[in-house]
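Q: After the sequence you'll find the predicted model.
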Amino acid sequence: MLIELAQGDITAETTDAIVNAANSSLLGGGGVDGAIHRRGGPEILAECRALRAGHYGRGLPTGKAVATTAGRLAARWVIHTVGPVYSATEDRSPLLRDCYVNSLAVADELGAETVAFPLISSGVYRWPVDDAVRQALTALRGADTRVQTTRLVLFDEKTRRVAEEVRSAGP
Ligand code: ADP
């Protein structure tokens, strides 16, 4: 699987699927979640509400992933996953890696061959950017998937630069 680092707004990605750093309510939030719902339109939220009314009555657990339509976005699907809130005293990195691995498993079920990820947990959930990148790359490299290309879409130039430094520093 090819792992690309990119910079920009993930809602503009033309991959088969884009991943949303959602919260467990699935009912919308700020950051990348807000941007996806704003640009993708109400169809996405309608499917999220249906998930809450059905299998995910208690919300989507941290580390898990589930797909909806991408509404008006160029992608076909949005894969919603819930990152862990960063903790300085507890190692929650297995859950962060689960987000990437489980999102790719959902992509496999959908038949998506290209997937764009935001840097999960690195915004409101306060994960340090360099370690968030390290966890993302570790999880993506280790995943057993039919997805051919993943793009890690960093929102701003500073984050992209950090991501490139982390990648060139090696595992
Ligand atoms: P979390 O709650 O998982 O931390 P956030 O959405 O707050 O999720 O932030 C995750 C990352 O996504 C942050 O690095 C943030 O800068 C970035 N981000 C915010 N909006 C967008 C967007 N439209 N496209 C790509 N990345 C975004």
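A: Looks like it came in fine.
Q: From now on I want contacts and neighbour counts done on CA atoms only, so please keep to that.
A: Will do.
Q: what helices or strands is the longest helix seen in the chain leaning on?
A: For the chain, the longest helix by residue count, based on DSSP state H, is helix 93-110. For helix 93-110, the packing partners by 3 or more CA pairs under 8 Å, 6 or more residues apart in numbering; DSSP states H and E come out as strand 65-69, strand 77-82, helix 129-142.
Q: Let me see the mean pLDDT of stretch 155-170.
A: With pLDDT averaged residue by residue, stretch 155-170 scores 96.
Q: mind listing what the closest residue to Val129 other than its chain neighbours touches?
A: Distance criterion CA to CA, 6 or more residues apart in numbering; nearest residue to Val129, sequence neighbours excluded, is Ser122 at 5.8 Å. Applying CA atoms under 8 Å, 6 or more residues apart in numbering to Ser122 gives the contacts 128-129, 132.
Q: picking up where we left off before, just after the longest helix of the chain, pick out the following helix or strand.
A: Next in sequence after helix 93-110, counting helices and strands by DSSP states H and E, comes strand 114-117.
Q: List the beta-bridge partners for the residue positioned nearest the centre of the chain.
A: In the chain, the C-alpha nearest the mean C-alpha coordinate belongs to Val19, at 3.7 Å (CA atoms, centre = their mean). Beta-bridge pairing for Val19 (DSSP bridges): Ile79.
Q: Near the ligand, which residues of the chain are found?
A: 9-11, 21, 31-33, 35, 83, 118-126, 153-155 (CA under 6 Å from any ligand atom).
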